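Peer 1: got a predicted model here, sequence first, then my questions.
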Amino acid sequence: MHLTRRPRHYRLNPESIRLPLIALIDVVLFLLLYFVMSTSYEAEERELGTTLATEGASGSTITPEVVTILWSDGSARYRIDALEYADRASLTVALRALPVDTGLVISAAADAPVQVTAGAVQAGRDAGFTRISFKVAPPAPMPAVP
């Protein structure tokens, strides 16, 4: 292999070197756009909790606890099974006595305000439930007008 040195008087002319800079910028912008559009901004499915009934190895079904919100005369009542609670603090105390691994379902009346329903969800969070579902009971049918 024969290596030669350049003479000292040899200078590189910058005008003779032309980099395709515009093409390089186009490629970089295209790659940036591709990575931005291919990124998923949603939570991964493996991290989503479920409150569906599951069957264990023994064949028993695990059902979530159900909190029913009743709304009448401008006040809310929370019902768990046959017990009723008048405020969110007493609901939180009652939920702390329940097992949290089964999950919680909040079933709200159709006319219940959002803040009452959000209060029930927050009571579940305060009690330690991590899997909380929400459903709205269908409104009562209107009576037929003769």
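Peer 2: Looks like it arrived, so ask away. Numbers count the residues shown, from 1 in each chain.
Peer 1: in this structure, where is pLDDT below threshold?
Peer 2: 1-10, 14-19, 42-61, 139-140, 142, 144, 146 (pLDDT under 70).
Peer 1: pairing partners for the longest strand anywhere in it, with directions?
Peer 2: Among the segments of the chain that qualify as a strand by DSSP state E, the longest is strand 65-72. Using DSSP bridges, strand 65-72 pairs in its sheet with strand 75-80 (antiparallel), strand 104-108 (parallel).
Peer 1: buried sites along whatever helix or strand comes next after the shortest one?
Peer 2: By that I understand strand 104-108. Toward the C-terminus, strand 104-108 is succeeded by helix 114-127 as the next helix or strand (DSSP states H and E). By 16 or more other C-beta atoms under 10 Å, the buried positions in helix 114-127 come out as 116-117, 119-121, 123-124, 127. In short, each C-beta sits where N, CA and C put it, glycine included.
Peer 1: disregarding residues adjacent in the polypeptide, which is nearest to Leu95?
Peer 2: In space, and not counting its chain neighbours, Leu95 is closest to Ala127: 3.5 Å by C-beta to C-beta, 6 or more residues apart in numbering.
Peer 1: how many other residues sit next to Tyr34?
Peer 2: Using other C-beta atoms under 10 Å, Tyr34 has 10 other residues around it.
Peer 1: ok, now Ser75?
Peer 2: A count of neighbours around Ser75, defined by other C-beta under 10 Å, yields 10.
Peer 1: quick one: it and Ala86, what's the gap?
Peer 2: As for Ser75, its distance to Ala86 is 8 Å (criterion: C-beta to C-beta, to the nearest Å).
Peer 1: how deep is the closest residue to Ala86 other than its chain neighbours tucked in, by neighbour count?
Peer 2: Spatial nearest neighbour of Ala86, excluding adjacent residues (C-beta to C-beta, 6+ apart): Arg77 at 6.1 Å. Burial of Arg77 is recorded as 16 neighbouring residues (other C-beta under 10 Å).
Peer 1: show me the contacts for Arg77.
Peer 2: By C-beta atoms under 8 Å, 6 or more residues apart in numbering, Arg77 lies in contact with 69-70, 84-86.
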